[in-house]
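> One predicted model, sequence on top.
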Amino acid sequence: MTKPNFQAMTRKDLLAYMLEHRNDDEAFYALMDKVNAEPGEFYPALQSIDDLKHFPQLLEQFRQEREDESHS
């Protein structure tokens, strides 16, 4: 059986392949390489328990600030 070209697969397709072939280490490492290579969305660390209580509002505020910065 021929293995697919993991490098040519999209992240979504590779994840689907991994879910069907959970013991395929080569596919796992290819997926992790793609995950690490693509930029993700980062959020600031919470500073207190109060931040945790108000996380939805803080998240929305953070997203709004990022959107405002991208339009500047």
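Now that the structure is in, tell me what you want to look at.

> just how off-centre is the lowest-mean-pLDDT helix or strand in the chain within its chain?
Ranking every helix and strand in the chain by mean pLDDT, DSSP states H and E puts helix 49-53 at the bottom, with a mean of 78. Centroid displacement of helix 49-53 relative to its chain, using CA atoms, centre = their mean, to the nearest Å, is 24 Å.

> Show me what it is packed up against.
Using 3 or more CB pairs under 8 Å, 6 or more residues apart in numbering; DSSP states H and E, no helix or strand is in contact with helix 49-53. Placement of C-beta: from N, CA and C, glycine included.

> Could you double-check that residue 34 sits in contact with residue 11?
Yes - the pair residue 34 / residue 11 is scored as a contact, 4.9 Å apart, by CB atoms under 8 Å.

> Which one's more surrounded, these two?
Regarding residue 34 and residue 11, a neighbour count based on other CB atoms under 10 Å identifies residue 34 as having more, with 17 against 13.

> Helix or strand: which one has the more buried one?
Counting by DSSP states H and E, the element that carries residue 34 is helix 25-37.

> Which positions within that helix qualify as buried?
For helix 25-37, burial by neighbour count (16 or more other CB atoms under 10 Å) applies to 27, 30, 31, 34.

> Please name the nearest non-neighbouring residue to the second one.
Spatial nearest neighbour of residue 30, chain neighbours left out: residue 6 (3.5 Å); criterion: CB to CB, 6 or more residues apart in numbering.

> What is the longest helix seen in the chain packed up against?
Criterion DSSP state H: the longest helix present in the chain is helix 55-70. Packed against helix 55-70 by the contact rule (3+ CB pairs under 8 Å, 6+ apart) you find no helix or strand.

> give me the number of residues near residue 21?
Residues near residue 21, counting by other CB under 10 Å, number 14.

> Leaving out the residues flanking it, which one is nearest to residue 51?
Leaving aside its chain neighbours, residue 51 sits nearest to residue 58 (6.0 Å; criterion: CB to CB, 6+ apart).
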